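1. Below: sequence and its predicted model.
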Amino acid sequence: MLSFPNCKINLGLHILGKREDGFHNLETIFYPVPIKDVLEILPNPNATQDIIFTNTGLIAEQDTEKNICSKAYHLLKKDFPQLPAIKMHLHKTIPLGAGLGGGSADGSFTLNLLNEKFQLGLSSQQLIEYALQLGSDCPFFIINKPCVATGRGEILEEIRIDLSNYQLVLVNPGIHVNTGWAFSQLKNFTPESSLKQIIQQPVIYWKELLKNDFEEPVFRQHPAIQLIKDKLYQQGAVYAAMSGSGSSMFGLFEKGQILRNEFDRNYFVSILSL
C-alpha cells in the first residue's frame, strides 16, 4: 500500500515562551503543500525481524531503529501486538531539515497507513495522540488541512484559508539551521497580535503583519537566507516568509504571473499551484 506524505509551510510563527517541560508554547498556522515523499508498506510474512526499512532519494536516517517511520511502527506495535512484520520503503523528495516538516509527515503518514492497512480502528484523535509522541509537528499531518496550532503545536483548530488565486514559490538553499540554537536566540515572547486574526486579513496586508519570530536571528546568522526573501519580493511576491526555523523560504505570487527561477542552481526550487 502506497501513501504520499506532503510537507507544510508556516504562515506566521510566534514563540510565546518556554514551558516547564522544556518545550516552547507557540502559535502558528500550518498550511499543507503538495511536495511529497512516497511511502510503501507491505506485509513481510515469515520474517525474522519486525521491520525491514529501506529508503531512496534524499537519504535521511540510515539506522532503521532511529528512523521516524520505524518509530511510528514500534509505537503502534507496543499497543497492537497483532501488527505483522512489514517491509517499509521511503522515497524522499522533501528537503531535509528545511522547516517543511518532511520527517514529521513521514511519521504521521506511517501511523495513518498502518491504521488503515491493518484495520486497527484508531480514531483521528487517537492517531493525534500517538503522533505527538513522535514530535510536535506530527499531529498536524494527521489532520493535514490548514490549522491554527497552539501549545507545542499539537492543539489544532481547522481554519479556512483560500489561496486559490496564488501560486507558491518555495526555495531551499540547503543551509542547515539548528532548531535548538534558533529557539535559544529568542528573548521576547510578546507578539503584537494573534495570527488567527491576522490571517483573516487580505493577503496584501500580510507583508506588514504576518511574522515568523525566527527570521531575525536566522537572517542575522545566515544572510543568504534573507537574500532569498528579498529576491522573492523583487520578483513580485505579494507575501514572502521563512517556514519554521528555516532554511526554506516561500513566496506567494498572483496566479498568471510569469515566474522565472533566478536562484542559485544548487538551490531546491519548486513552483506550485495552491
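-> Nice, I can see it.

2. mind listing the helices for the stretch 51-200 of the chain?
-> Per DSSP state H, counting those that start in this stretch, the stretch 51-200 of the chain carries helices over the ranges 68-79, 102-117, 124-134, 138-143, 179-184, 195-198.

3. For residue 37, which of those helices is the nearest?
-> Each of these has some distance to residue 37 by Cβ to Cβ; the shortest is helix 102-117, at 5.9 Å. Any C-beta I mention is one placed from the backbone N, CA and C, and that applies to glycine too.

4. List of residues touching that closest one?
-> Contact partners of helix 102-117, identified using Cβ atoms under 8 Å, 6 or more residues apart in numbering, comprise 1, 3-8, 37, 39, 41, 60, 68-69, 71-73, 75-76, 83, 88, 90, 92, 94-96, 120-122, 127, 130-131, 134-135, 137-142.

5. got it, and stretch 124-139?
-> Here stretch 124-139 makes contact (Cβ under 8 Å, 6+ apart) with 8, 23, 30, 68, 71-72, 75-76, 101, 103-104, 107-108, 111-112, 115, 122, 141-143, 152-154, 156.

6. Enumerate the positions of that stretch that are buried.
-> Applying a neighbour-count criterion of 16 or more other Cβ atoms under 10 Å, one finds 127-128, 130-132, 134-139 buried in stretch 124-139.

7. Show me which of those residues is closest to residue 273.
-> Here the nearest of the buried residues of stretch 124-139 to residue 273, counting by Cβ to Cβ, is residue 137; it sits at 23.9 Å.

8. what's the pLDDT at the closest one?
-> Per-residue confidence (pLDDT) for residue 137: 92.

9. pull the CA atoms of stretch 67-74 into PDB?
-> What follows is stretch 67-74, C-alpha atoms only, in PDB (Å, rounded to 0.1, in the frame of the first residue of the first chain):
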ATOM      1  CA  ASN A  67      14.000   6.500  11.500                       C
ATOM      2  CA  ILE A  68      10.800   8.200  12.500                       C
ATOM      3  CA  CYS A  69       8.800   5.700  10.300                       C
ATOM      4  CA  SER A  70      10.200   2.800  12.200                       C
ATOM      5  CA  LYS A  71       9.500   4.600  15.500                       C
ATOM      6  CA  ALA A  72       5.900   5.000  14.400                       C
ATOM      7  CA  TYR A  73       5.600   1.300  13.700                       C
ATOM      8  CA  HIS A  74       7.100   0.300  17.100                       C
END
